[in-house]
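**Student:** 3D model of this:
(2 chains)
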Amino acid sequence: MKIIKKAANLLLRLALALIIAGIILFVSGYSPLKAYKAMIWGAIGNWNGIALSLVQATPLIFTGLAVAFANNCGVFNIGAEGQLYLGAMAAGVIGAYLPPLPHYLHLLLALLGGALFGGLWAAIAAWLKVKANANEVIMTIMLNSIGILFCSYLANYTFKASGPVAQTPEIKSTAVLSRLSTGTQLSSAIFLGLALIVLVWFVLYRTKFGYEIRIVGANPRAAATAGINVAQKITAALFISGTLAGLGGAGQVLGLHGRFIDGFSPGYGFDGIAVAILGGNSPIGVLFSALLFGLMRAGGMVLDRTTNIPVDFVLIIQAVIIVMVAAPELFKALKGGVKDVRTVVKQ
Amino acid sequence: MSGKKTFLVVISVLIMAVCVCAQFRVGVVFATGGLGDRSFNDSGYEGVKRAEKELGIAFDYVEPQAVADFESHQRAFAQSNKYDLIICLGFDQADALKKVAKEYPKQKFVLIDSDVDAPNVAAILSKDHEKSFLVGAFAAMLTKDTKNFKQMNSAGKIGIVGGMPIPLIKAFAAGYTAGAKYIDPKIEVYEAYAGGWSDPAKAKEQALIMYSRGADIVFQAAGGSGLGVFKAAKQAKKYAIGVDSNQNYIEPDHILFSAVRRLDNVLYNQIADAMKGQWKPGIYKLGLKEKAVDYDLTKSNLKIPTAMVEKVEELRGKIIAGEIVVPDKLEDVDAFLKNVKR
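**Tutor:** Model prediction:
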């Protein structure tokens, strides 16, 4: 009953979002119906659309999980973007420069390298928080800039492939996360993402370690009183969060681009924050909200390509829908607002 | 039976007629900067727009939000089988196009700024050294023109600030130096790099150093960093040269002119060739002859003396005629100056 109510509420909010975005489109002289048709067709209309949606969702599963994991421990990891870049760079370098190795071993090393460097990058923030009482939000934000620009430096100089583009050489075929079908960009990275969802769920809800993480997240003082080593848990949570984001970057490099490309991420790490919060910081929730983001992006790409609606409107439509979906208490708040006004008027 | 046959023939003739009359369709995949950049993408858009107006083509375009999106946009355009020509802007589309062009061998593609070698791709590079030669020649004459330009000294020094010391940018420096020394072998050309494309502070420092060492004019080939060169010119009350798009409006009292790319001409010509059936795949380096590069004097408040413009136009003629072959490497400049006929 509760679920049905929730679903109905969600549908109502989605409808409201479509109406608001529709009005914006209509006022600007574009046909909302045409736009929505293109978006829906693009996102789920055929196999290509579905594949594109999954391609767009894949990195967000990783970054969403990363942010959600840290949030469960009460740590706000806003640095998933930087960790994603470090992981991507590590995977790209291992994939391109290691001497010939058996296929799965090479791939495994590249993934592990991505996870490790993403994790270590986040661990810097954890260390500063625990040792120097630094605020992790500021630390992870600042480490974003350092990490992204450091990778940019490496792609421009140290590991630069010849040619005009700032990118590393192509990875060897033994390090490739294979594509699921020709003619789409969908790679087996998505299976890795799904496996991690299950793994993170298991760790958080079925292990002592996960339980302690969540206790620290809920009330660090109580956790400390109960004998939990809070500093250690925070460090571990940030490290794991970083490995998840790093694996996301590695997945993009090994499955999609085939190399590290400077500036490859349009903000997967930052969208991961929205994905995590929208998904209520639960692994299953992250899966669904990443899929929603993927659908929006895929639909937006087709909308941009097949209609004359400028890409800025595409971004507006996406934003309105996400804002509405992210406001579960919207109708209650609206009702409350009306009541408040009434009482004010009475007085 | 024969009635049915006639009917079929009529129908197929009609279909063919429709096919022949059907509009020529172009799909454009822009670079990630998107439209409104007042440079690369906008200039390409202008060319396609002109083709729409003058050649009656229809076009669809897309502004990708991420490098990852290039491949699926290119593929979707090709897959739809609706486009006679698909134009991809920017060298970072090369990886994706290598894959997609192979999947759709009958689809014609145009790729700007990269050298993808495929039987269905026309890859187009620009001879930036040729436009740099012309502005270098201008600079060599102007820096001695103390009569019309109060701020010029007669030290005979000019400069160039590049983004990074990569071959693409060194070609600018080579053309610029060759152009200046072609006019006056005693001209000294300072050369420095900002170390990045979005570091205006560093570029400004580099330019200020050049001005303080006696340079009057600094040419920028540093992308977003180059804005710092204009700031330096304003601060030092000296002169600068814009690049790629017409940047004269940014500091109209200090920017003499811009060495521009004419991506609009390039795309327009590609579309026109494809419509006439004259389109050919291959790797092309387009310069002054193809009107792919040029200089632009408009929107600056500084008036360039007519005699100088005439001289530079004479040089343009010689480059187009092949009498002057502008070097694109700095190490070739000395040999060029020794052998060139003046």
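**Student:** quick one, helices of the chain?
**Tutor:** Because you didn't say which chain, this covers chain A. A:2-27, A:32-44, A:47-72, A:80-97, A:103-132, A:136-156, A:189-206, A:208-218, A:220-225, A:230-251, A:268-278, A:283-306, A:311-325, A:330-346 (DSSP state H).
**Student:** chain B was what I was after
**Tutor:** According to DSSP H, the helices that chain B contains are B:2-21, B:40-55, B:69-80, B:94-103, B:128-142, B:167-183, B:200-212, B:227-236, B:263-275, B:306-321, B:333-339.
**Student:** any low-confidence regions in the chain?
**Tutor:** Defaulting to chain A. A:1, A:336-347 (pLDDT under 70).
**Student:** ah, I was thinking of chain B
**Tutor:** For chain B (pLDDT under 70), the answer is B:1-21.
**Student:** can I get the CA coordinates of stretch B:163-175 in CSV?
**Tutor:** Extracted C-alpha coordinates of stretch B:163-175, given in CSV (Å, rounded to 0.1, in the frame of the first residue of the first chain):
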residue,chain,number,x,y,z
GLY,B,163,49.6,27.9,-25.7
MET,B,164,52.0,24.9,-25.7
PRO,B,165,55.2,24.1,-27.6
ILE,B,166,53.5,21.4,-29.8
PRO,B,167,54.0,21.2,-33.5
LEU,B,168,50.5,22.7,-34.2
ILE,B,169,51.4,25.9,-32.4
LYS,B,170,55.0,26.0,-33.5
ALA,B,171,53.7,26.2,-37.0
PHE,B,172,52.1,29.6,-36.0
ALA,B,173,55.5,30.7,-34.7
ALA,B,174,57.3,29.5,-37.8
GLY,B,175,54.9,31.3,-40.2
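**Student:** got the buried residues for it?
**Tutor:** Within stretch B:163-175, the residues that count as buried by 16 or more other CB atoms under 10 Å in any protein chain shown are B:G163, B:M164, B:L168, B:I169, B:K170, B:A171, B:F172, B:A173, B:A174, B:G175. From N, CA and C alone the C-beta is placed, and that goes for glycine too.
**Student:** stretch B:305-314 too?
**Tutor:** Here stretch B:305-314 shows B:M308, B:V312 as buried, counting by 16+ other CB under 10 Å.
**Student:** how about the residues of chain B near chain A?
**Tutor:** Within chain B, the positions adjacent to chain A are B:32, B:34-35, B:60, B:62-69, B:71-73, B:75-77, B:79, B:91-92, B:94-95, B:103, B:113-114, B:164, B:166, B:168 by CB under 8 Å from any CB of the partner chain.
**Student:** buried subset of those residues as a PyMOL selection?
**Tutor:** Listed next is the PyMOL selection for buried residues among the residues of chain B next to chain A, using 16+ other CB under 10 Å:
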select buried, chain B and resi 32+34+60+62+63+64+65+66+67+68+69+71+72+73+75+76+77+79+91+92+94+95+113+114+164+168
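**Student:** show me what contacts residue 274?
**Tutor:** No chain specified, so I'll use chain A. A:A274 makes contact with A:S289, A:F293, A:I322, A:A326 under the criterion CB atoms under 8 Å, 6 or more residues apart in numbering or on different chains.
**Student:** should've been chain B
**Tutor:** B:A274 neighbours (CB under 8 Å, 6+ apart): B:F24, B:D84, B:L85, B:K108.
**Student:** middle-most residue in chain B, spatially?
**Tutor:** The centre of chain B sits closest to B:R261, judged by CA atoms, centre = their mean, with a distance of 2.8 Å.
**Student:** that one pairs with what?
**Tutor:** B:V293 (DSSP bridges).
**Student:** quick one: residues contacting it.
**Tutor:** B:R261 touches B:F40, B:S43, B:S126, B:D128, B:K131, B:D244, B:S245, B:A292, B:V293, counting by CB under 8 Å, 6+ apart.
**Student:** I figured the last one hits B:F133, correct?
**Tutor:** Read it as B:V293. No - B:V293 lies out of contact with B:F133 (CB atoms under 8 Å); the separation is 9.8 Å.
**Student:** of the two, which one has the most company?
**Tutor:** The neighbour comparison of B:V293 against B:F133 (other CB atoms under 10 Å in any protein chain shown) goes to B:F133, with 33 against 27.
**Student:** reformat the buried residues of stretch B:163-175 as TSV; add distance to A:G279.
**Tutor:** Below are the buried residues of stretch B:163-175 laid out as TSV (distance: CB to CB, whole Å):
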residue	distance to A:G279
B:G163	41
B:M164	41
B:L168	44
B:I169	45
B:K170	50
B:A171	50
B:F172	49
B:A173	52
B:A174	55
B:G175	55
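**Student:** pick out the most distant pair among those.
**Tutor:** B:M164 and B:G175 (17.0 Å; CB to CB).
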